[in-house]
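Asks: Sequence plus predicted model, see below.
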Amino acid sequence: MRAVPAWVWLVAIVAVSAVVRFSLAQRMVAPWIMVDELIYSELAKSFADGGHFLVRGEETGAYGFVYPILIAPAWRVFGAVPDAYTAAQAINSIVMSLAAVPAYLLARRVLRPPLALAAAVLTVAIPSLVYTGTLMTENAFYPVFVCVALVLTRVLERPTTRNQLGLLALCVVAYATRAQALALFPAVLTAPLLLGARAAVTRFRVLYGTVAGFAAAVLLVQAARGKSPLELLGAYETTGHQGYSPLEVAKWLLWHVAELDLYLGVAPLAAFLLLVLAWTRLAHAERAYLAAASALTVWLVLEVAAFASIPTVERIEERNLFYVAPLFLIALLLWVQRGAPRPRVAPAVALGLALLIAAIPFARFIGVEATADTLALLPWWNLQEHVISLGHVRLVATLSAVCVAVLFLTVPRQYALVLPLLVFVYFAVSARPIESRTSFASRGALFQGIRSLRADWIDRRVGRHADVAAVWTGQPDVHVLWESEFFNRSVGSVYDVGAAIPGGLPSIAVTVGRDGYLRDEDGHLVRHRYVLVDGSLDVNGLKRGSDVPLGINLWELHRPVRSLTQVEGLYPNDTWSGPTVDYRRLECRGGSVRVTLLADASLFGRSQTVRAAGVTARVDPGTPTTMTVPLTGCRARFTVTPTKVPGPKDRRRLGVHFLSFEYRPR
């Protein structure tokens, strides 16, 4: 094994990781971290089609362009979106697995080759590689961040002009990948000070001078444009206008450090702190590595904690923090290489980090939001559902951490390698519930958006280059719009009818006039060959397809879009009815209306009755039911019994869901 070159082992590590991650990524059947995944698919698709970065046809500079460029070949090569989605997941698996290469090179600066290879393995074993199944910038930012750590360490060892300028250029690439990389700039300015403040200004004058000059130029340019420097944050510009409370940020800082401790399994952080405490006895390369790791971690954790303290966020954002994991995993291996030293402070350090786990309010953060943002909590969520109560999670997690701390303090030095091996096992055991939760979220998102047809059913019906507009009335689940838009290249313009679309993406506001025609804010009629809309609008065209359980219809039109139905009795931006619903049909010469109804199983435990024009239908909870009612004077009135008020937070009197209305002429 020693005769095999290190590069061969490294290629094998990357290849095995990519294959394993791609196979697991196939369990992600649809995007589910919305609207982020939709945004990056739109950027990649538009770049592949015409070299532009467009979201719903509009130019945007609010998002990093590196990741969309990386996955754009998937949309360029494959016409069908499901195939392009799979190809993008393959790209993710390769790109994120490549983090093993800079991790190995970083580790080699302080570790022997075998241990450096172990660091590469641990780097691609962390649970966060589950994001390879998603269209998220994490896939590109992870290897880029490790590259920044590598180059920063090299700069601290050899601060040549070329190295310093190369480091800043790499930070710019990181920023173009993810705006969160803004924290890297103060980090690279802080790291030299940790090696000696007096000599730092002289030895790193190119670094400090370039940053100062660039910052001044940016301020002058933005001032000349009449723009705020915060505009450079893109989609995160609003974070610069927030008021931050030092106490709130400190609280979230504590929780994020504790959660990082839990994520890594205590031992890597303990080893890192013991190395820092042994600073004067370390070699120059080791101090350079620790200075780089410390600066990057502190600034990144501080940035993430401040972001998490914003009232609209308020959750542990592990997804923005896991990038530092390799820095601590390398520290654990370095501690082992140095003979696993345990000075007098070791018990206080190890047990203190174990008890830090108790600071995490598990009961507050275990829930649906943790699925996308806080992966380390998902195994404990799974344990809470099957073994222990929610109130006992904190105790069990803390006791488990104490056991790890005791092992860290007592394992014989000649067997110290068991600790990184146990970390690897910890990652592997955690992966199962994490994969299960995230893949379930993906399947749930697809079920909410596309239920009875293939994901790209619109493209299959009318072709990928057809002119299909989506009209959002606020009634169906917004995943209907997002998933249809994602999987079908033919879906272009998006209109909203009196209801803001969640997610904040561009859309065109339209109104439905008394004559039924849809008009934009300038009074122009809406014209498209095909329209995708929920059943609350029965438009003047030929129905080309339907997702019946969701009440979504695809219409072909040869005239301006006109709604031929007027419905009263449904709650705004919802499919819920009240006790009565009135239906009216325009351009009507008798006939009937066929409605699709759904009773809510969470609100009603027994069947409901819907009556209209002498027709009675029994609607069982959770089962879509259709009824056809003859029209009298082009009208029909539906009565629903029983109805119910959900509770003090929702005082509406609810009946059933009216999913769709379909006019049937004589």
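Replies: Okay, I see it.

Asks: pLDDT weak spots in the stretch 201-350 of the chain?
Replies: Within the stretch 201-350 of the chain, the stretches with pLDDT under 70 are 232, 234-238, 241.

Asks: In this structure residue 374 contacts residue 262, no?
Replies: No: counting by CB atoms under 8 Å, residue 262 is not a contact partner of residue 374; they are 9.7 Å apart. C-betas here are computed from N, CA, C, even on glycine.

Asks: Mind exporting the C-alpha coordinates of the helix or strand hosting residue 107 to CSV?
Replies: Using DSSP states H and E, residue 107 falls within helix 100-108. Output of helix 100-108 as CSV, limited to C-alpha atoms (Å, rounded to 0.1, in the frame of the first residue of the first chain):
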residue,chain,number,x,y,z
ALA,A,100,-10.7,16.0,-1.0
VAL,A,101,-7.9,17.3,-3.1
PRO,A,102,-7.3,20.7,-1.4
ALA,A,103,-8.0,19.1,1.9
TYR,A,104,-5.2,16.6,1.3
LEU,A,105,-2.8,19.3,0.2
LEU,A,106,-3.7,21.4,3.2
ALA,A,107,-3.2,18.4,5.5
ARG,A,108,0.1,17.6,3.9
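
Asks: Mind giving me the packing neighbours of it?
Replies: Packing contacts for helix 100-108, counted by 3 or more CB pairs under 8 Å, 6 or more residues apart in numbering; DSSP states H and E, involve helix 6-25, helix 113-123, helix 138-157, helix 325-337.

Asks: mind running it again at 6 Å?
Replies: Under the contact criterion of 3 or more CB pairs under 6 Å, 6 or more residues apart in numbering; DSSP states H and E, helix 100-108 touches helix 6-25, helix 113-123, helix 138-157.

Asks: Quick check: which of the ones you listed is buried the most?
Replies: Among the helices and strands packed on helix 100-108, helix 138-157 has the highest mean neighbour count (mean count of other CB atoms under 10 Å), at a mean of 25.

Asks: what does it rub up against?
Replies: For helix 138-157, the external contacting residues (CB atoms under 6 Å, 6 or more residues apart in numbering) are 66-67, 70, 92, 95-96, 98-99, 102-103, 105-106, 109, 131, 163-164, 167, 170, 174, 177-178, 184, 188, 191, 288-289, 291-292, 296, 323, 326.

Asks: Show me where the protein dips below the pLDDT cut-off.
Replies: The chain contains residues with pLDDT under 70 at 232, 234-238, 241, 573.

Asks: Please parse it into its domains.
Replies: What automatic domain parsing lists as the domains of the chain is 6-445, 451-563, 565-666.

Asks: Just the terminal-to-terminal distance for the second one.
Replies: Using CA to CA, to the nearest Å, the end-to-end distance of domain 451-563 comes to 25 Å.

Asks: Also the first one?
Replies: The separation between the terminal residues of domain 6-445, taken as CA to CA, is 43 Å.

Asks: Going forward, the N-terminal residue is numbered 17.
Replies: OK, 17 is where the count begins now, so the last one is domain 22-461.

Asks: Helix, strand, or coil at residue 550?
Replies: strand (DSSP: H, G, I helix; E, B strand; the rest coil).

Asks: gap between the nearest residue to it once chain neighbours are set aside and residue 468?
Replies: Spatial nearest neighbour of residue 550, chain neighbours left out: residue 492 (4.6 Å); criterion: CB to CB, 6 or more residues apart in numbering. Noted for residue 492: a distance of 14 Å to residue 468, by CB to CB, to the nearest Å.

Asks: Which one's more surrounded, these two?
Replies: residue 492 (24 against 12; other CB atoms under 10 Å).

Asks: residues in contact with residue 339?
Replies: 158, 161.

Asks: Check for me that it belongs to a helix.
Replies: Yes: looking at residue 339 with three-state DSSP, it is inside a helix.

Asks: Return the residues in contact with the residue sitting nearest the centre point of the chain.
Replies: By CA atoms, centre = their mean, the chain has its centre lying nearest to residue 49, at 4.1 Å. The contact partners of residue 49, by CB under 6 Å, 6+ apart, come to 150, 388.

Asks: Would you confirm that it belongs to a strand?
Replies: No: looking at residue 49 with three-state DSSP, it is coil, so not inside a strand.

Asks: Quick check: the gap between it and residue 561.
Replies: Counting by CB to CB - residue 49 and residue 561 are separated by 28 Å.

Asks: so which helix or strand takes in residue 562?
Replies: Taking DSSP H and E as the criterion, residue 562 maps to strand 558-563.

Asks: Which other helices and strands does the next helix or strand after that strand contact?
Replies: Next helix or strand after strand 558-563 toward the C-terminus (DSSP H and E): strand 568-572. Other elements packing on strand 568-572 under the criterion 3+ CB pairs under 6 Å, 6+ apart are strand 546-550, strand 558-563.

Asks: Strand partners (parallel or antiparallel) of strand 568-572?
Replies: Each strand paired with strand 568-572, and its direction, by DSSP bridges: strand 546-550 (antiparallel), strand 558-563 (antiparallel).

Asks: can you pull the buried residues of the last one?
Replies: Residues 560, 561, 562, 563 are the ones in strand 558-563 that count as buried (16 or more other CB atoms under 10 Å).
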